[in-house]
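Trainee: just need the structure, nothing else, for what follows:
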Amino acid sequence: MPRDTLTTERIVQAAIELLDDEGLDGLNMRSLAKRLGSAATAVYWHIKTKDDLVRLAGDAIWYEIEQPDLDATDWRTAATLQATGMHTMLTRHPWLGQAFGSHLMHGPGKARHDDLSLAIYEMAGFTAADADRAAATVLTFVLGSALGPAAEVSLKRRLSKNGADAEQLMTDAMTRATETAQHYPRLRARLGTPAASQYAAAPDNTFTFGLHSILDGFETRLTTDHGGRSG
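Mentor: Got it, this is the predicted structure:
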């Protein structure tokens, strides 16, 4: 593909697809160029380094999150919609969590998301400083909730290298973990549950339970703070 038919947008989209398929370790300019039907040198004309490529790809996927209209909804509904959308996005692109720990990630997509997040919690009634804390609390929770699925994808990819059977290796590990859990009464009582039989799994509705608990806590804090000020 001639250089003048490439665009930064097309390269970034192809990079996202490659990252979804191969993870951070599988991203390189040669593989990306092959996917684009181009030469690696043509890609470099648009994006100079792999770090730049990861940053651009990592920022672009924040636009996948549906952003609520704060003029048409209440703060809690908006917070739930935004957090759920972020969780879905992180699960769809499990490499992003890893990228936060290995690349400098920034850009307008993430900034747009963060700005609206602050607006949601200011709308709820938090001061600017507490809105920062509320937004950071939810962000940290969502990132942590998406860690399990992301870790499983990354682990399977690593275990499958050199032709190994990743599923069998994980099954063997779970068998040994089950044997260990037999010695602990509360773990032993839960061995029959679906979450106990899958690596990095969590009980059903764990994300919803955690998010609602956090937002319940925010509402209680807001009620207490406002009541204290009026008393």
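Trainee: buried residues in whichever helix in the chain runs longest?
Mentor: Ranked by residue count, the top helix of the chain under DSSP state H comes out as helix 128-159. Across helix 128-159, burial judged by 16 or more other CB atoms under 10 Å covers 130-132, 134-135, 138, 141-143, 145-146, 148-150, 152-155, 157, 159. Backbone N, C-alpha and C define where each C-beta goes, glycine included.
Trainee: what does stretch 43-56 give?
Mentor: So for stretch 43-56, counting by 16+ other CB under 10 Å, buried means V43, H46, I47, L53, V54, R55, L56.
Trainee: in CSV: these, plus distance to T220 and secondary structure.
Mentor: Formatted as CSV, these follow (distance: CB to CB, whole Å; DSSP: H, G, I helix; E, B strand; the rest coil):
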residue, distance to T220, secondary structure
V43, 52, helix
H46, 50, helix
I47, 47, coil
L53, 44, helix
V54, 40, helix
R55, 38, helix
L56, 41, helix
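Trainee: between those residues, which is nearest T224?
Mentor: R55 (40.9 Å; CB to CB).
Trainee: pretty sure that closest one contacts G107?
Mentor: Yes - between R55 and G107 there is a contact under CB atoms under 8 Å: 6.5 Å.
Trainee: next up, the contacts around P108.
Mentor: D59 (CB atoms under 8 Å, 6 or more residues apart in numbering).
Trainee: got it, and E17?
Mentor: R35.
Trainee: could you do the one 3 residues further on as well?
Mentor: Applying CB under 8 Å, 6+ apart to D20 gives the contacts R92, H93, W95.
Trainee: try S160
Mentor: A166.
Trainee: counting neighbours, what do you get for the closest residue in space to A128 that isn't next to it in sequence?
Mentor: Closest residue in space to A128, ignoring its immediate chain neighbours: E122 at 6.7 Å, by CB to CB, 6 or more residues apart in numbering. Neighbour count for E122, taken as other CB atoms under 10 Å: 18.
Trainee: which helices and strands sit right next to the worst-scoring helix or strand of the chain on mean pLDDT?
Mentor: Least confident helix or strand of the chain, by mean pLDDT, DSSP states H and E, is helix 166-181 with a mean of 82. With contacts taken as 3 or more CB pairs under 8 Å, 6 or more residues apart in numbering; DSSP states H and E, helix 166-181 sits against helix 128-159.
Trainee: could you pull up phi and psi at the residue nearest the centre of the chain?
Mentor: The residue lying closest to the centre of the chain (CA atoms, centre = their mean) is L90, at 2.5 Å. Per-residue torsions, L90: phi -70, psi -30 (degrees, to the nearest 10).
Trainee: then G23?
Mentor: Residue torsions, per degrees, to the nearest 10, at G23 are phi 80, psi 180.
Trainee: near it, how many other residues are there?
Mentor: 18.
Trainee: just G97 next, same as before
Mentor: Count around G97 with other CB under 10 Å applied: 18.
Trainee: how does the chain divide into domains?
Mentor: With the TED database as the criterion, the domains of the chain are listed as 8-48, 68-164+201-228.
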